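Engineer: Dropping a prediction and its sequence here:
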Amino acid sequence: MRIAIISDIHANLPALEAVLHHIDGQQVDKIYCLGDTVGYGGKPVECVERVRADCDGSVIGNHDEAVALNEGTEFLPRDGQVAAALHRSLLSEEDIAWLAERPKVLVADGVTFVHAAPQEPQTWLRIESLQEAQEQFQHFETDFCLIGHTHVAGVIGNKIGVLRVRPGYRYLINPGAVGQPRDGNPRASYGVLDTDAVTYQNHRVPYNIERAMEDIRAAGLPKSLAYRLEFGN
Ligand code: ZN
């Protein structure tokens, strides 16, 4: 099974379109989304509709929750709060209901999918240390757990030794962010996991950043949300 994993699209339609186009050439069987389809960017409606149409499964993120359920908005950065309120007003009732119904954790095709962390998924833990990452292995049972939320791609193994990706070893993988990378590389990030060959490849896809910045300005959102896309931070 070849699975593409996309995360943290954040209403960035040019980035999402570029990634979906790239995925077309990867012979994947399925596409899963790790949440935060909305928040921050200029095209929330279009992004929700693409995810609904193109993904085989998805989980809810903290920005999705703020928009769809009006919960946890106070924990978002100020510009994120502005975007969440705007996105809530733009989405149809049907799209709001669909977002609200996404599960916090999805186990499918032998993989665990969760937005922030399998440990207490409802608290949106931000995994930033190796120790926090290692603790996560006690909170999922599959060989692979895919997480997003930090917007920084990475792979963590549960055993220390020669790094060989192989059956029986378990991995915590973050595919990075489609719509708002924060690792200094502005290109859209996503991953392809092959559960039979036991390989994982992270891809960085160039996209029309100018258009995404213009979408943010046209939506009347804070300019800082546009600028950061140029630098990937
Ligand atoms: Zn996010």
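Structural biologist: Noted; the coordinates are in hand.
Engineer: Enumerate every residue touching Lys30.
Structural biologist: Neighbouring residues of Lys30 by CB atoms under 8 Å, 6 or more residues apart in numbering: Met1, Arg2, Ile3, Ala4, Asp56, Gly57, Asp109. In this view, the C-beta of every residue, glycine as well, is placed from N, C-alpha and C.
Engineer: tell me, how many neighbours does the nearest residue to the first one once chain neighbours are set aside end up with?
Structural biologist: Put plainly, it is Met1. Distances taken as CB to CB, 6 or more residues apart in numbering place Thr195 nearest to Met1, at 4.7 Å, with adjacent residues excluded. Residues contacting Thr195 under the criterion other CB atoms under 10 Å number 18.
Engineer: right, and Thr195 touches Val28 too?
Structural biologist: No: assessed by CB atoms under 8 Å, Thr195 is found out of contact with Val28, at 11.3 Å.
Engineer: CA-only coordinates of the helix or strand of the chain with the lowest mean pLDDT in PDB, if you can.
Structural biologist: Every helix and strand of the chain was ranked by mean pLDDT, DSSP states H and E. The lowest is strand 154-157, at a mean of 81. In PDB, the C-alpha atoms belonging to strand 154-157 read as follows (Å, rounded to 0.1, in the frame of the first residue of the first chain):
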ATOM      1  CA  GLY A 154      10.900  14.500  10.600                       C
ATOM      2  CA  VAL A 155      11.200  10.800  11.300                       C
ATOM      3  CA  ILE A 156      11.600   9.200  14.800                       C
ATOM      4  CA  GLY A 157      12.400   5.500  15.400                       C
END
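Engineer: Need the overlap of contacts for Thr195 and Val28.
Structural biologist: Joint contacts of Thr195 and Val28 (CB under 8 Å, 6+ apart) are Arg2, Ile3.
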